[in-house]
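Asker: coords please:
(chains A and B)
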There are 2 protein chains.
Amino acid sequence: MDLNQYIDRKHDEHLKDLYELLRIPSVSAQSQHKADIERAATWVAERLRRVGLENVEVVPTKLHPLVYGESLQAPGKPTVLFYGHYDVQPPEPLDLWTSPPFEPTVRGGNLFGRGTADDKGQVHIHIRALDALHQAAGKLPINIKVLIEGEEEVGSESLWDYVQQNKSKLAAGALVVSDTSMLARGVPSITYGLRGLSYYELEITGPAQDLHSGVFGGAVPNPLTVLAELFAKLHDKNFRVAIPGFYDDVAPVSRSERKALAALPFKPKDFLKTVGAPALCGEKGYSVAEQVWCRPTLELNGIWGGYISEGAKTVIPAKAHAKFSTRLVPDQDPAKIARLVERHIRKLLPKTVTCKFQVLSTGKPWVAPYTHPFFEVAHNALEKGFGKRAVFIREGGSIPFVTQMYDTFKVPCVLLGFGLPDENAHAPDEHIALENYFGGIKAVANFYSGLAAL
Amino acid sequence: MDLNQYIDRKHDEHLKDLYELLRIPSVSAQSQHKADIERAATWVAERLRRVGLENVEVVPTKLHPLVYGESLQAPGKPTVLFYGHYDVQPPEPLDLWTSPPFEPTVRGGNLFGRGTADDKGQVHIHIRALDALHQAAGKLPINIKVLIEGEEEVGSESLWDYVQQNKSKLAAGALVVSDTSMLARGVPSITYGLRGLSYYELEITGPAQDLHSGVFGGAVPNPLTVLAELFAKLHDKNFRVAIPGFYDDVAPVSRSERKALAALPFKPKDFLKTVGAPALCGEKGYSVAEQVWCRPTLELNGIWGGYISEGAKTVIPAKAHAKFSTRLVPDQDPAKIARLVERHIRKLLPKTVTCKFQVLSTGKPWVAPYTHPFFEVAHNALEKGFGKRAVFIREGGSIPFVTQMYDTFKVPCVLLGFGLPDENAHAPDEHIALENYFGGIKAVANFYSGLAAL
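Answerer: Prediction:
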């Protein structure tokens, strides 16, 4: 029986097992989920043992534990390090979910639930692929190291400490990651570029306490207005980020790459349909694919201050708050950008307010050539899993670990994404297409067995 | 025994009775407090009966009930209509209160609690003054009609319907209101001008659902940024409201009034200390008193959207929200201003978003001469209550009812305020100075008995 047939026969078992993982609300950003995080780590470790990995451990860290396991029973064969994360984004706003975020539900060929696409569903694809290979031969055909962390959604700090302290233990011929998307339904994709991310929080204080907007309004600084005026100054009319020096280190996209990107089956019309806004808007002079993959951004992620409940309250609040982030591209340096952002904001703010500026996390961008033979194996494996030729794409999201591993080990990073751009990662009604989940298991199993044949 | 002595002797009784009213969380903006609103109305009605008023009734309305009572036992004497409100502002943010908002607490000569200054404490001053007069003579020395509403903090709509349907019943020689502030500690004040208020809510929608800021950021409209850019355009660099036509109907402040205002013991340094901001800011060319009393404003009262909890979430939200208001001065028309505001906002918003614009409430400004003999009686009564000469001031807050009554009945409106500008009306740790509460009872009792002697 070939791998694909074996995987097809286990259809129900795959899903039942995945549901267990999805039901654990392992939200890394919210401290009330600490116990759920521990539970998810333990669950993953147990599964790694079941598929034949050895030296499996749940490694405590300063924040959330990471899980490691390995199988080194294939002398002479390639060694890969597979990385993923078991933590998920907060599920809020809860009222916008059709079915509860931590109760996996199938509708219209899609599996809904927080983490289905990002990243539990994709981690599970590898677990099930390894299971298939392990069942087929009693052992795995290549040497594999597996590292699954619990801080991807909050900056991966502990992971990086761990890597620094375990460089030889983690050494491998390639890094394999499934935490990205396919370009579109029916277009299996290998990602060769990611944006970096720095995330900030800003608190602006005007009055020492909330004031009556009638008694005081007209003579006092309103921090909400100050916040609005500040963020209005951070983009120019061409939607470029208006922070001095922001673009200084941005590597231009080569003519040949722009041509290759333009040839992809990327349809702005489909993109707009997914977005659902009246129209798109982005930096002048670039295609949509270039805007979201190859150009840096500054985005507000949350704002709050003053009275935000039912009805009316005539208040000038003491404080206004913003969470915002910059997506970065080669060769921008996150630390340098954070300094430029803070310096410019402090310069723009009027003397009528004070401000507290925090950098919550930073991560470097990554772009790399796809010339190593492993990419050819991956390309063929995707065709075996999906029955379609794969394409090479960049992505706008961030996986700081990929950059760090690439910089540290100088090995190929093979990013096989099985999500879709419209699957609401980080939003209500996150889901994964079941055809891509099952296709992913087949592709990954074929990839690992294909590496053994190199 | 004179009035002042009688009032002094009842010191503990006044407070004990006031505490009962303050403990009822009659928040008119929040529907979960509906039963508390009813309870407060019933409490007020019962007190009006106790001080000798007749035909006392709790009048149901479309929203919150109002309370009416009258005493018409003084033929040939003046008739006044006293107006106040028993509803209060929401207590949020709760964590900034030193003692619970609905548990009255005395600290440092001040009584703390939601409604102490605005307006339960001031309504209670009149109830206790009437009680003193009633106890002294077995009946009240003037004819008085009392109307206490429960929607002042949410627009007073039901009140106005009631007045329209009961014009002859409510007819009086003067309107008396205590819902304003003294200029400063030790400066008893009569208010002859109020600003109007229109309150708005805006919802801006970009994408159809929350989006991952990595996957989509750079090519889609971010409603938070759109909101910031919108509100940044609503003031110019001189802090004037940048809405075409906004100032068209603003009556200039006369040279003689500007001179009188400049002569008041109004100290910008004290004002800044109360505000507690690093510096003040307001419309160029006007004094602080003019900015907050005589000039119109546009203020953000609340903004929210995106991720506003702990940690980081890389989201571009579907929606951004703002609550904001315009304070108006003669001769601005609230309905006209609301139209100008909506039209300009719709014009400024880019085509990449949609918006929902709501007017939550409107109220007209009011300024009137203080030449009627009643003002002389009030001036003397304040001196009897406080031992200091009173001043005539304007105020920046809004009491739409005063304007409506003035326009409808063309009678003097005597605004005797016993709050202080730094008493945190509408904010955490609202309080009233006990010396002003007790001084107020004496002043009001002397005012009503003085009117009888006219």
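Asker: What residues does A:Tyr448 make contact with?
Answerer: For A:Tyr448, the contact set (Cβ atoms under 8 Å, 6 or more residues apart in numbering or on different chains) comprises A:Val80, A:Ala129, A:Leu130, A:Leu133, A:Leu140, A:Pro141, A:Ile142, A:Ile144. Where C-beta positions appear, they are placed from N, C-alpha and C, glycine not excepted.
Asker: meant to ask about A:Thr105
Answerer: A:Thr98, A:Ser99, A:Leu111, A:Phe112, A:Gly113.
Asker: Quick check on those: which are buried?
Answerer: Neighbour counting by 16 or more other Cβ atoms under 10 Å in any protein chain shown classes A:Leu111, A:Phe112, A:Gly113 among the contacts of A:Thr105 as buried.
Asker: Return the set of buried residues in the worst-scoring helix or strand of chain A on mean pLDDT.
Answerer: The weakest-scoring helix or strand in chain A, judged by mean pLDDT, DSSP states H and E, is helix A:400-409 (a mean of 87). By neighbour count with 16+ other Cβ under 10 Å, helix A:400-409 contains the buried residues A:Pro400, A:Phe401, A:Val402, A:Thr403, A:Gln404, A:Met405, A:Tyr406, A:Phe409.
Asker: is chain B contacted by that helix?
Answerer: No: Helix A:400-409 lies out of reach of chain B by Cβ under 8 Å from any Cβ of the partner chain, never closer than 11.5 Å.
Asker: picking that back up, out of the contacts of A:Tyr448, name the ones that lie in helices.
Answerer: A:Ala129, A:Leu130, A:Leu133 (DSSP state H).
Asker: From those residues, pick the one nearest B:Ile204.
Answerer: A:Ala129 (44.5 Å; Cβ to Cβ).
Asker: Now do the closest one, the pLDDT please.
Answerer: Note on A:Ala129: pLDDT of 98.
Asker: repeat for A:Met1
Answerer: For A:Met1, pLDDT reads 60.
Asker: what do you get for the one 5 residues further on?
Answerer: At A:Tyr6 the predicted local distance difference test score is 94.
Asker: residue boundaries of the helices in the stretch 1-150 of chain A?
Answerer: A:3-9, A:11-22, A:34-50, A:120-137 (DSSP state H, counting those that start in this stretch).
Asker: Convert the C-alpha atoms of the second one to CSV, please.
Answerer: Put plainly, it is helix A:11-22. The C-alpha atoms that make up helix A:11-22 are tabulated as CSV, following Å, rounded to 0.1, in the frame of the first residue of the first chain:
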residue,chain,number,x,y,z
HIS,A,11,-9.2,9.9,7.4
ASP,A,12,-11.4,9.9,10.6
GLU,A,13,-8.4,9.1,12.9
HIS,A,14,-6.5,12.2,11.7
LEU,A,15,-9.4,14.5,12.4
LYS,A,16,-10.4,13.0,15.8
ASP,A,17,-6.8,13.4,16.9
LEU,A,18,-6.6,17.0,15.6
TYR,A,19,-9.8,17.9,17.4
GLU,A,20,-8.2,17.1,20.8
LEU,A,21,-5.4,19.6,20.2
LEU,A,22,-7.7,22.3,18.9
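Asker: Which positions in that helix come out as buried?
Answerer: A:His14, A:Leu15, A:Asp17, A:Leu18, A:Tyr19, A:Leu21, A:Leu22.
Asker: and what of the last one?
Answerer: Buried positions in helix A:120-137, judged by neighbour count with 16+ other Cβ under 10 Å: A:120-134, A:136.
Asker: Ok, the shortest one next?
Answerer: Residues A:Leu3, A:Asn4, A:Tyr6, A:Ile7 are the ones in helix A:3-9 that count as buried (16+ other Cβ under 10 Å).
Asker: How about residues contacting that helix?
Answerer: A:14, A:128-129, A:132-133, A:135-136, A:384-385, A:438, A:441-442, A:445-446, A:449.
Asker: Mark which of the buried ones among the contacts of A:Thr105 are part of strands, please.
Answerer: A:Leu111, A:Phe112 (DSSP state E).
Asker: From what I see, A:Leu230 and A:Lys347 are in contact.
Answerer: No: using Cβ atoms under 8 Å, A:Leu230 makes no contact with A:Lys347, being 10.4 Å away.
Asker: Neighbour count: the two, which is higher?
Answerer: A:Leu230 (23 against 9; other Cβ atoms under 10 Å in any protein chain shown).
Asker: and the more buried one, how far is that from chain B?
Answerer: 8 Å (Cβ to the nearest Cβ, to the nearest Å).
Asker: what kind of secondary structure is that residue in?
Answerer: When classified by DSSP: H, G, I helix; E, B strand; the rest coil, A:Leu230 comes out as helix.
Asker: ok now do it, which residues does it touch?
Answerer: Applying Cβ under 8 Å, 6+ apart to A:Leu230 gives the contacts A:Ile204, A:Ile345, A:Leu348, A:Leu349, B:Ala228.
Asker: Which of the three states applies to the closest residue to the fourth one other than its chain neighbours?
Answerer: Excluding its sequence neighbours, the residue lying closest to A:Leu349 (Cβ to Cβ, 6 or more residues apart in numbering or on different chains) is A:Cys355, at 5.6 Å. Here A:Cys355 takes the strand state, with states given by three-state DSSP.
Asker: my guess is A:Asn301 is in a strand, correct?
Answerer: Yes: A:Asn301: assigned to a strand according to three-state DSSP.
Asker: out of everything not next to it in sequence, what's closest to it?
Answerer: Here the residue nearest A:Asn301, using Cβ to Cβ, 6+ apart, is A:Lys323, at 4.6 Å.
Asker: from what I can see the one you found touches B:Gly306, true?
Answerer: Yes: using Cβ under 8 Å, A:Lys323 is in contact with B:Gly306, at 7.0 Å.
Asker: OK, now which residue of the stretch 51-200 of chain A is nearest to chain B?
Answerer: A:Tyr199 (4.4 Å; Cβ to the nearest Cβ).
Asker: hey, what's that residue bridged with?
Answerer: A:Ser325, A:Ser361 (DSSP bridges).
Asker: That one reaches B:Thr314, doesn't it?
Answerer: Yes: if you go by Cβ under 8 Å, A:Tyr199 and B:Thr314 touch, sitting 7.0 Å apart.
Asker: list residues touching both of these two?
Answerer: What both A:Tyr199 and B:Thr314 touch, as defined by Cβ under 8 Å, 6+ apart, is the set A:Asn301, A:Ser325.
Asker: one step back: reformat the buried residues of helix A:11-22 as CSV; add pLDDT and distance to chain B.
Answerer: Compiled in CSV, the buried residues of helix A:11-22 are given as follows (pLDDT from 0 to 100; distance: Cβ to the nearest Cβ, whole Å):
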residue, pLDDT, distance to chain B
A:His14, 97, 25
A:Leu15, 98, 25
A:Asp17, 98, 26
A:Leu18, 98, 21
A:Tyr19, 98, 23
A:Leu21, 98, 21
A:Leu22, 98, 18
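Asker: TSV please, covering those and showing distance to B:Ala318.
Answerer: Formatted as TSV, the buried residues of helix A:11-22 follow (distance: Cβ to Cβ, whole Å):
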residue	distance to B:Ala318
A:His14	33
A:Leu15	30
A:Asp17	33
A:Leu18	28
A:Tyr19	28
A:Leu21	28
A:Leu22	24
